[in-house]
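Colleague: sequence first, predicted model second:
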Amino acid sequence: MAFDDGPRFAFGTLTVLRVRVTRWDRAAARAGMLCAPLVGLVVGAAAAFVGGLLLLLGASALLAAVATAAVPAALTRGLHLDGLADTADGLGSGKPAEDALRIMKQSDIGPFGVLTLLFVILGQVAALSSLYASSWALGAVAITIASTVGRAAMTLASRTGIPPARPDGLGATVAGAVPVRTAWATAAAVVLLGAASGLAFGPWGALQFAASALAGLAAAELLLRRSRARFGGVTGDVFGALCETAVIASLVVASLG
């Protein structure tokens, strides 16, 4: 496998960037999902740049927060938000797994999906606005770490032992592709990255950003377990939901204190 097959797979499937995916097999899926946090790092840095630029031009913290939250949605064409809404509809339907999966595949969005999107986006904007009100640097680090944590949650969900809920789609391609120890090691590295980034704000900053990364991963893991029990495994929609859940949880914890 070529050195760039992993990044190509990750950026080609998780963003709208024009990257040609040259391989679509288990080896490429494994490498790609290990590179998923790198995608989050790039997306988060882009969001931080836009937010910082607006603040530099005199925009309010609230406006900068809205723009920052919009950048990841634009760079993914709302893919993860769509997955979050579909997963919320499936979980909220209360129907058997087969019917819930059918609901998730429908193109429309139900009330559970609408409400979940509303509160998650509002939560992201509120947390970022609070951080930007303190300083651009806090908001920039928070969104970069949260975005990275969101994709690390995808890596964890790709670990061995997590089955796909359907025989096709992205979920079937990446489910179980990453060895368990490697997946957890990647997650641990992201937590350490959060702590190292927080050192710029002192020992408390290191602790808080490490806690924000842990909170994001923990929230995603809870959703993963619920989805696995409810649907029998993971789907592409579930991966998107895990990402957005980890992001909002990480941002909320980063904005506390």
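Modeller: Ah, there it is.
Colleague: list of residues touching stretch 66-77?
Modeller: Stretch 66-77 is contacted from outside by 14-17, 43-44, 46-48, 50-51, 54, 59, 80-81, 121, 124-125, 128, 132, 139, 143, 147, 247, using Cβ atoms under 8 Å, 6 or more residues apart in numbering. For glycine as for every other residue, the C-beta is placed from the backbone atoms N, C-alpha and C.
Colleague: make that stretch 91-109, sorry
Modeller: Outside stretch 91-109, the residues within contact range by Cβ under 8 Å, 6+ apart are 85-87, 89-90, 110-112, 117, 165-166, 226-227, 230-232, 235, 237.
Colleague: if any of the residues you listed are buried, put those into a ChimeraX selection.
Modeller: In ChimeraX syntax, the buried subset of the contacts of stretch 91-109 is picked out as below (16 or more other Cβ atoms under 10 Å):
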select :85,86,87,89,90,110,112,117,165,166,227,230,231,232,235,237
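Colleague: please flag which of the contacts of stretch 91-109 sit within helices.
Modeller: Per DSSP state H, helices hold the following members of those: 85-87, 89-90, 111-112, 117, 226-227, 230-231, 237.
Colleague: on that earlier part again, filter the contacts of stretch 66-77 to the buried ones?
Modeller: 14-15, 43-44, 46-48, 50-51, 54, 59, 80-81, 121, 124-125, 128, 132, 139, 143, 147, 247.
Colleague: how about the helices in the stretch 101-250 of the chain?
Modeller: With DSSP state H, counting those that start in this stretch, the ranges of helices along the stretch 101-250 of the chain come out as 111-134, 136-157, 169-174, 180-198, 203-231, 236-255.
Colleague: any weak-confidence spans in the stretch 1-150 of the chain?
Modeller: 1-3 (pLDDT under 70).
Colleague: one more time with 90, if that's ok
Modeller: Within the stretch 1-150 of the chain, the segments meeting pLDDT under 90 span 1-8, 17-28, 93-101, 103-110.
Colleague: and the closest residue to Ala213 other than its chain neighbours, what does it touch?
Modeller: Of all residues beyond its chain neighbours, the one nearest Ala213 is Gly194 (3.7 Å), with distances taken as Cβ to Cβ, 6 or more residues apart in numbering. Contacts for Gly194 (Cβ under 8 Å, 6+ apart) come out as 145, 149, 209-210, 212-213.
Colleague: so can I have CSV of those residues showing distance to Ala67 and neighbour count?
Modeller: Conversion of these to CSV gives the following (distance: Cβ to Cβ, whole Å; neighbours: other Cβ atoms under 10 Å):
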residue, distance to Ala67, neighbour count
Ile145, 18, 30
Val149, 21, 32
Phe209, 22, 30
Ala210, 27, 22
Ser212, 21, 28
Ala213, 23, 30
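Colleague: who touches stretch 133-149?
Modeller: 37, 40-41, 43-45, 47-48, 51-52, 55, 61, 64-65, 68, 72, 127-128, 131-132, 190, 193-194, 197-198, 200-201, 209, 212-213, 216-217, 246-248, 250-251, 254-255.
Colleague: err, stretch 30-41, not the other one
Modeller: Under Cβ under 8 Å, 6+ apart, the answer for stretch 30-41 is 1, 5-11, 13-15, 144, 147-152, 154-155, 158, 174, 177-178, 182, 186, 189-190.
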